[in-house]
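*Asks:* what follows is a predicted protein model with its sequence.
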Amino acid sequence: MKKKTKIELQDELRPEYDMRELLKRGVRGKYVAAFRKGTNLVLLAPDVAHVFPTEDSVNQALRLVIELSKLQNGKRGTVKA
């Protein structure tokens, strides 16, 4: 398959998308400090985000899942994946 040139790729972009305008609002390095700390960033599906709107609610639910999986496995240590 033949590679497309830059000109052909630029022609595929819809006229209503102005990249200069879209990139103007972006923040470079927005999550770099959290990334360096080892934080995992996860994008939630809209229906899940509706039920768990805050970071704390997500963490609380996941801790409950961890505890339930420990009980189900009959162990109080690590959780089997």
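*Replies:* Sure thing, it's come through. Numbers count the residues shown, from 1 in each chain.

*Asks:* ok, residue 61 - how many residues close by?
*Replies:* Each residue near residue 61 was counted by other C-beta atoms under 10 Å, and the total is 13. The C-beta positions use only the backbone N, C-alpha and C, and glycine is treated the same way.

*Asks:* go through the helix or strand where it lies and flag the buried ones.
*Replies:* Applying DSSP states H and E as the criterion places residue 61 in helix 55-73. By neighbour count on 16 or more other C-beta atoms under 10 Å, the buried set for helix 55-73 is residue 58.

*Asks:* packing partners of it?
*Replies:* Applying 3 or more C-beta pairs under 8 Å, 6 or more residues apart in numbering; DSSP states H and E, we find helix 55-73 packed against no helix or strand.

*Asks:* what about it, average pLDDT?
*Replies:* Helix 55-73 shows a mean pLDDT of 93.

*Asks:* do stretch 20-32 as well
*Replies:* Averaging pLDDT along stretch 20-32 gives 83.

*Asks:* use 59 as the first number from now on
*Replies:* Yes, from this point I'll number from 59; that puts the last item at stretch 78-90.

*Asks:* I'd like the distance from it to the chain centre, please.
*Replies:* How far stretch 78-90 lies from its chain's middle: 16 Å, per C-alpha atoms, centre = their mean, to the nearest Å.

*Asks:* same question, stretch 111-121
*Replies:* That offset, for stretch 111-121, works out to 15 Å (C-alpha atoms, centre = their mean).

*Asks:* can you list contacts of that stretch?
*Replies:* Outside stretch 111-121, the residues that touch it by C-beta atoms under 8 Å, 6 or more residues apart in numbering are 102, 110.

*Asks:* how about a cut-off of 6 Å?
*Replies:* Outside stretch 111-121, the residues within contact range by C-beta atoms under 6 Å, 6 or more residues apart in numbering are residue 110.

*Asks:* what ranges does this protein have for its helices?
*Replies:* 64-69, 77-82, 90-95, 104-109, 113-131 (DSSP state H).
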